[in-house]
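K.L.:
Sequence and predicted model, in that order:
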Amino acid sequence: MKKNFLVLCTGNSCRSQIAEGYLRHFHREKANVYSAGIETHGVNPRAIATMKEDGIDLSAHTSNHVEEYLHIPFDLILTVCDHASERCPIFPGKARRVHYNFKDPAKAIGTEDEIRAEFSRVREEIKEFCRLLEI
């Protein structure tokens, strides 16, 4: 039986979308993966582009609010930013909670190349974290 994973971030626009993509990629046989935000900001076009560079398509993803998933019995809740970790609602059940505060690439400033490089750097950090995640 597949486990249910939730990736939670502030706006479900960037880091949680990237993590959802990689968790599905690495653990698709073992897990149903969802992502949500404490708020919804829409999926960041740069997150879609940076994942496309690594062969993962996020173009059909949507930005979802955490309240949409309160009825799902999660086995794992991964918070990818401190803000979401501090405001994560209580889910019934025995979900294991894992937290890692990834830097938000959407806040990167600089030239287009510098911003793209920051998205790639954070993408690789999230990729490695998701690849190594014990489930």
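P.N.:
Yep, that arrived.
K.L.:
Now do the contacts for the most far-flung residue of the chain relative to its centre.
P.N.:
Relative to the centre of the chain, the most outlying C-alpha is that of residue 111, 25.1 Å out, by CA atoms, centre = their mean. Contacts of residue 111 were listed using CB atoms under 8 Å, 6 or more residues apart in numbering, and none were found. The way it works is simple: take the backbone N, C-alpha and C, and place the C-beta from them, glycine included.
K.L.:
now it: how far from residue 5?
P.N.:
For residue 111, the distance to residue 5 equals 36 Å [CB to CB, to the nearest Å].
K.L.:
tell me which element residue 97 falls in.
P.N.:
strand 96-99 (DSSP states H and E).
K.L.:
can you list the residues that contact that strand?
P.N.:
Contacts to strand 96-99, defined as CB under 8 Å, 6+ apart, come from residues 75, 76, 77, 78, 79, 82, 85, 88, 133.
K.L.:
in the lengthiest helix in the chain, what's buried?
P.N.:
Counting residues, the longest helix found in the chain (DSSP state H) is helix 112-132. Within helix 112-132, the residues that count as buried by 16 or more other CB atoms under 10 Å are 115, 116, 118, 119, 122, 123, 125, 126, 127, 129, 130.
K.L.:
which one of these sits closest to residue 48?
P.N.:
residue 119 (10.3 Å; CB to CB).
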